[in-house]
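Undergrad: the following block contains a protein sequence and its predicted model.
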Amino acid sequence: MCGIVGYCGEKDAAGILVEGLKRLEYRGYDSSGISVGYNDKLSIIKKKGKISNLQAAVPSDMPGTFGIGHTRWATHGEVNDLNAHPHSDNSGKITIVHNGIIENYISIRKKLKDEGVKFITETDSEVIAQLVSKFYEGDLEKAVKEALKHLKGTYGIVAIHADEPNRLIGARNGSPLVLGIGEGEMFLASDVTAMISYTKQVVYMEDGDVVVVDKDGFRTTDIRDNERDKEISTVGWDVGEMEKEGYPTFMEKEIFEQPQAVLRGMKGRLDPDQGTAKLGGLNMTNRELRMVNRVIILAAGTSSYSAMTCAYLLEKIARIPASAELSSEIRYKNPIVDPGTLYFVVSQSGETADSLYAMRELQRKGATVLGICNVVGSTIPRESDGGVYIHSGPEIAVASTKAFTSQLTAMYLFSLIMARMRDMSISKGKAFVDALSMVPENINKVLEQNEYIKTIADKYADCHSFFFLGRGLTYPIALEGALKLKEISYIHAEGYTAGELKHGPIALINEVTPSVFLVPDDSLREKIISNMKEVKARKGPIIAVAVEGDTDVADIADEVIYVPKAHELMYPFSMVVALQVFAYHTAVALDRNVDQPRNLAKSVTVE
Ligand code: M6R
């Protein structure tokens, strides 16, 4: 969603701000803008549409060594140049950028209007600039703090003043803000990607922080001027990981990174001798883990399907009742928190508002919530009671791929730990470790079929609707396959458990509606084959993802993508990769913007 970048230093700010905004493009946006200070004046340039529109409007020699920039994902007011950020006060001396939602903006706006303030945008954010202006008496920090006292809602803000050159004031409440410390220059941004080409030294702001930044230092307090100590962290990845490295899209690059990402997620965590695993960050003793009698995993979107896969797995191998819940639902259910229940929240970004607020609600009721996240230093891992980083590296494409298989990896390890403490023998544990170690190679074997899967995708790209069908552990994989296809190709796709087909959806099967069946060689194989026959009897085209050597499937299906034979619990990995590749090539065949699909944002930071 919206992205923020702020700069103060000695270089020309405009170029750095635009470059930072380009790095934030992946978050999803519909307009962008910058404001740069020079000679007691602030210039603002804002453009609807792609950052290239903004870039074209910014003069290459635009002077000024401090400024702020923003990518907007519209919530209040239509997508146009005017509603784009930065927003200015009536004097033109103050500009602000804002991520989040100001819930009481209507009443503030009315009050300020009555006092003679003129509003020129339809946004909630403009009230911040006007409020800061109202309280400004020669000290921007003071004015921002006073303004914040009147705001209800969520914000990550950066403000500048024309008469206070090379100074940024940032504040955070519910929307991420990170400070970057360079050599004689400083950055404020909604995530580190905006400044990673300049510095790896960062400070993650927390809710309630107000930070005053100039080119040589920073000071953090709360809005009542109480000092807040901050720790400097070093970002553990390089700018190279933010590049496409020869791939036409980030999504394809990330699909192909999965063998390495999964391997990284397991590195140092498997214990082959004991047939178990170790996860350092859980902050729970073995005794406490043994006392867990239920696991509930919360997440949204793709992460909810990895959560669901692992809930199936936990019940199966650890014999613990486990379920996955959508974050957006559980929060408002007034959840019953039982002391024996352990909660997980799974989130690639670690910033998804639905998941974050659900976690806080559970914690308020006394729950222990562990995080499974990718983005280091993001809010969920910082506020959770412990957890695991999946280490899949930056995921830039809006459609999540490598984070999914890395989330599975982390939760497979956790399930193994729980299983070995309860029901699973050491020999079965060792077999599980061996099987998990084979996953990267098995994914590679699917990726080797890239061209072949592309031919299937090209053949079916004109279809208007698809079904994705699995059972047991591959049911969530079918849901994820359908989500992937609809997100990036805009083709209608529905995921179902194959057993449900005859209870309604089969009414939609016809010659032009393909069904993608997932057919692992487990105890449900025969059942799925029966479901395939039901579809075939109604002339529905079938694309099957089956296990090497399964010729029965080839006799029924129109197309078969084979995955290597594996331990029956490992098929979610290889099968989901086959579906990602299929969705990817379908979207490419339809000439879609694969990395930035319409209406979607990488990190959904509003409810
Ligand atoms: O960052 P998160 O994992 O919390 O994000 C959750 C969903 O918004 C995300 O998975 C979304 O569904 C993706 N676009 C999936 O490709």
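TA: Received the coordinates, thanks.

Undergrad: Pro35 is in what secondary structure piece?
TA: Just to correct that, residue 35 is Ser rather than Pro. Using DSSP states H and E, Ser35 sits in strand 31-38.

Undergrad: how far does that strand sit from its chain's centre?
TA: Averaging C-alpha positions (C-alpha atoms, centre = their mean, to the nearest Å) puts strand 31-38 27 Å from its chain's average.

Undergrad: alpha carbons only: can I get that strand in PDB?
TA: Provided in PDB are the C-alpha atoms of strand 31-38 (Å, rounded to 0.1, in the frame of the first residue of the first chain):
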ATOM      1  CA  SER A  31      -0.200   8.000  -7.800                       C
ATOM      2  CA  SER A  32       3.000   9.500  -6.500                       C
ATOM      3  CA  GLY A  33       4.600  12.800  -5.500                       C
ATOM      4  CA  ILE A  34       7.500  14.600  -3.900                       C
ATOM      5  CA  SER A  35       8.100  17.800  -2.100                       C
ATOM      6  CA  VAL A  36      11.600  19.300  -2.000                       C
ATOM      7  CA  GLY A  37      12.900  22.200   0.100                       C
ATOM      8  CA  TYR A  38      15.200  24.900  -1.300                       C
END
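
Undergrad: strand partners of that strand, parallel vs antiparallel please.
TA: strand 41-48 (antiparallel), strand 66-72 (antiparallel) (DSSP bridges).

Undergrad: for those strands, which one ends up most surrounded?
TA: strand 66-72 (a mean of 30; mean count of other C-beta atoms under 10 Å). In short, each C-beta sits where N, CA and C put it, glycine included.

Undergrad: export it to PDB, keeping only CA atoms.
TA: Taking Å, rounded to 0.1, in the frame of the first residue of the first chain, the C-alpha atoms of strand 66-72 are listed here in PDB:
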ATOM      1  CA  PHE A  66      15.800  17.700   1.800                       C
ATOM      2  CA  GLY A  67      12.400  16.500   1.000                       C
ATOM      3  CA  ILE A  68       9.700  13.800   1.200                       C
ATOM      4  CA  GLY A  69       8.000  11.500  -1.300                       C
ATOM      5  CA  HIS A  70       5.000   9.200  -1.300                       C
ATOM      6  CA  THR A  71       3.200   6.500  -3.400                       C
ATOM      7  CA  ARG A  72      -0.500   6.700  -2.700                       C
END
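
Undergrad: who touches the next helix or strand after it?
TA: As assigned by DSSP H and E, the chain's next helix or strand after strand 66-72 is strand 87-88. Under the contact criterion C-beta atoms under 8 Å, 6 or more residues apart in numbering, strand 87-88 has outside partners 35, 42, 44, 94-98, 121, 123, 125-126, 128-129.

Undergrad: just stretch 194-203 next, same as before
TA: 3-5, 16, 19-21, 23-24, 178-182, 185, 187, 189, 192, 218, 220, 230-235, 237-239, 242, 377.

Undergrad: go again using 7 Å as the cut-off
TA: With C-beta atoms under 7 Å, 6 or more residues apart in numbering as the test, stretch 194-203 has contacts from 3, 5, 20, 23-24, 178-182, 185, 187, 189, 192, 230-235, 239, 242.

Undergrad: alpha carbons only: can I get that stretch in PDB?
TA: Coordinates of the C-alpha atoms in stretch 194-203 are reproduced here as PDB (Å, rounded to 0.1, in the frame of the first residue of the first chain):
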ATOM      1  CA  ALA A 194      13.500   2.600  -0.300                       C
ATOM      2  CA  MET A 195      17.000   3.300   1.100                       C
ATOM      3  CA  ILE A 196      18.800   0.000   0.900                       C
ATOM      4  CA  SER A 197      21.100   1.300  -1.900                       C
ATOM      5  CA  TYR A 198      22.400   4.000   0.500                       C
ATOM      6  CA  THR A 199      22.600   2.400   3.900                       C
ATOM      7  CA  LYS A 200      22.000  -0.900   5.800                       C
ATOM      8  CA  GLN A 201      22.000   0.800   9.200                       C
ATOM      9  CA  VAL A 202      18.400   1.200  10.300                       C
ATOM     10  CA  VAL A 203      16.200   2.000  13.300                       C
END
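
Undergrad: offset the numbering so it begins at 754, please.
TA: Understood, numbering begins at 754; the last thing we discussed is stretch 947-956.

Undergrad: show me what counts as buried in that stretch.
TA: Buried residues in stretch 947-956, counted by 16 or more other C-beta atoms under 10 Å: 947-949, 951-953, 955-956.

Undergrad: do the same with stretch 852-859
TA: Using 16+ other C-beta under 10 Å as the test for burial, stretch 852-859 gives 852-855, 858.

Undergrad: how distant is that stretch from the center of its chain?
TA: Worked out by C-alpha atoms, centre = their mean, stretch 852-859 lies 23 Å from the chain centre.

Undergrad: quick check: end-to-end length of that stretch?
TA: 17 Å (C-alpha to C-alpha, to the nearest Å).

Undergrad: ok, back up a step: just the buried members of the contacts of stretch 947-956?
TA: Buried by 16+ other C-beta under 10 Å: 756, 758, 773, 776-777, 931-935, 938, 940, 942, 945, 983, 988, 995, out of the contacts of stretch 947-956.

Undergrad: so which of the residues you listed belong to strands?
TA: Among those, the residues falling in strands (DSSP state E) are 756, 758, 931-934, 940, 942.

Undergrad: same list (those) but as CSV, adding pLDDT and distance to the ligand.
TA: Converted to CSV, these look like this (pLDDT from 0 to 100; distance: C-beta to the nearest ligand atom, whole Å):
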residue, pLDDT, distance to the ligand
Gly756, 93, 15
Val758, 97, 20
Val931, 95, 16
Leu932, 97, 22
Gly933, 97, 22
Ile934, 97, 26
Phe940, 98, 23
Ala942, 96, 18
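
Undergrad: sorry, back to before: now the buried residues of stretch 947-956 as CSV including distance to the ligand?
TA: CSV is the format used below for these (distance: C-beta to the nearest ligand atom, whole Å):
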residue, distance to the ligand
Ala947, 17
Met948, 20
Ile949, 19
Tyr951, 25
Thr952, 24
Lys953, 22
Val955, 19
Val956, 22
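
Undergrad: which ones among these are found in helices?
TA: Among the buried residues of stretch 947-956, no member falls in helices (criterion: DSSP state H).

Undergrad: now do the contacts for Asp783.
TA: Here Asp783 is in contact with 825-827, 832 (C-beta under 7 Å, 6+ apart).

Undergrad: tell me the phi and psi of the nearest residue to Gly935 once chain neighbours are set aside?
TA: Nearest non-adjacent residue to Gly935, counting by C-beta to C-beta, 6 or more residues apart in numbering: Thr952, 4.3 Å away. Dihedral angles of Thr952 (phi, psi; degrees, to the nearest 10) stand at phi -160, psi 150.

Undergrad: mind listing what the closest residue to the ligand within the stretch 904-1053 of the chain touches?
TA: The minimum distance from the stretch 904-1053 of the chain to the ligand, using C-beta to the nearest ligand atom, falls at Ala1053 (4.1 Å). Applying C-beta under 7 Å, 6+ apart, we find Ala1053 in contact with 1079-1081, 1105, 1107-1108.

Undergrad: one more: Ile797?
TA: For Ile797, the contacting residues are 786, 788, 839, 841, 848, by C-beta under 7 Å, 6+ apart.
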